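J.: Okay, structure incoming, though there's no sequence with it:
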Ligand SMILES: [Zn+2]
Ligand SMILES: [Zn+2]
């Protein structure tokens, strides 16, 4: 574990801290680092701009991250680099969560000295931004339902064959007429 990604809230300088860094892919994929599930198939490092500030007893961790992940297109199955980005927005406080805390509170309670693993925070944020069924492009034509051809690459012959079929004309007939 690289200490540089661990922050201790109690040691935070009055001016807070700022980061504008690439978080290495190797670290985000390293199971020995942190407790949140590692990120699979990253194309490279993730970029993260982050600030940590203290206001009274409340610590805010805010920023933006971006990067890309290898995904399979939900339409054509081809692998592509899924461009992703998102926000980090967390609030920490020392202590134990009060039992009467309204549900939906976004504050996380942490025991002093308040050690936070930023690699875990980023992994969590990326998992929250993960979407099922992503597509390689808005204009992806997908696979032909008939022959499975990738219509982005080839023009399939299915439709033509269908209209040549001797029974194709029957489809237009009304049987109860
Ligand atoms: Zn596609
Ligand atoms: Zn086809």
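T.: Thanks, I have it. A quick note: this is a predicted structure, and the numbers were derived from the prediction, not measured. Ligands and ions are numbered 1, 2, ... in the order given.
J.: What residues does this protein have near ligand 2?
T.: Contact residues (C-beta under 5 Å from the ion) of the chain with ligand 2: 144, 146, 147, 149, 156, 158. C-beta here means a position set from N, CA and C on the backbone, and glycine is covered the same way.
J.: I figured the second one hits residue 156, correct?
T.: By that I understand residue 146. Yes: here residue 146 reaches residue 156: they are 7.0 Å apart, a contact under C-beta atoms under 8 Å.
J.: Settle it for me: which of these two has more neighbours?
T.: A count of neighbours by other C-beta atoms under 10 Å puts residue 156 above the other of residue 146 and residue 156, at 17 against 12.
J.: give the contact list for residue 34.
T.: Listed by C-beta atoms under 8 Å, 6 or more residues apart in numbering, the contact set of residue 34 reads 1, 117, 119, 120, 123.
J.: Specify the local secondary structure of the closest residue to the last one other than its chain neighbours.
T.: Ranked by C-beta to C-beta, 6 or more residues apart in numbering and with sequence neighbours excluded, the top spatial neighbour of residue 123 is residue 36, at 4.1 Å. Residue 36 falls in the coil class when you classify it by DSSP: H, G, I helix; E, B strand; the rest coil.
J.: Would you confirm that residue 36 contacts residue 128?
T.: No: with contact defined as C-beta under 8 Å, residue 36 does not reach residue 128; the gap is 10.7 Å.
J.: higher neighbour count, the two?
T.: The residue with more neighbours, out of residue 36 and residue 128, is residue 36; 17 against 10, by other C-beta under 10 Å.
J.: What distance do you get for that one to residue 20?
T.: To residue 20, residue 36 is 22 Å away according to C-beta to C-beta, to the nearest Å.
J.: circling back to that earlier point, list buried residues within the contacts of residue 34.
T.: Among those, those buried by neighbour count (16 or more other C-beta atoms under 10 Å) are 117, 119, 120, 123.
J.: show me what contacts the first one?
T.: Contacts were defined as C-beta under 8 Å, 6+ apart; by that measure residue 117 touches 1, 5, 6, 33, 34, 35.
J.: Can you give me the distance of it to residue 127?
T.: Counting by C-beta to C-beta, the gap from residue 117 to residue 127 is 15 Å.
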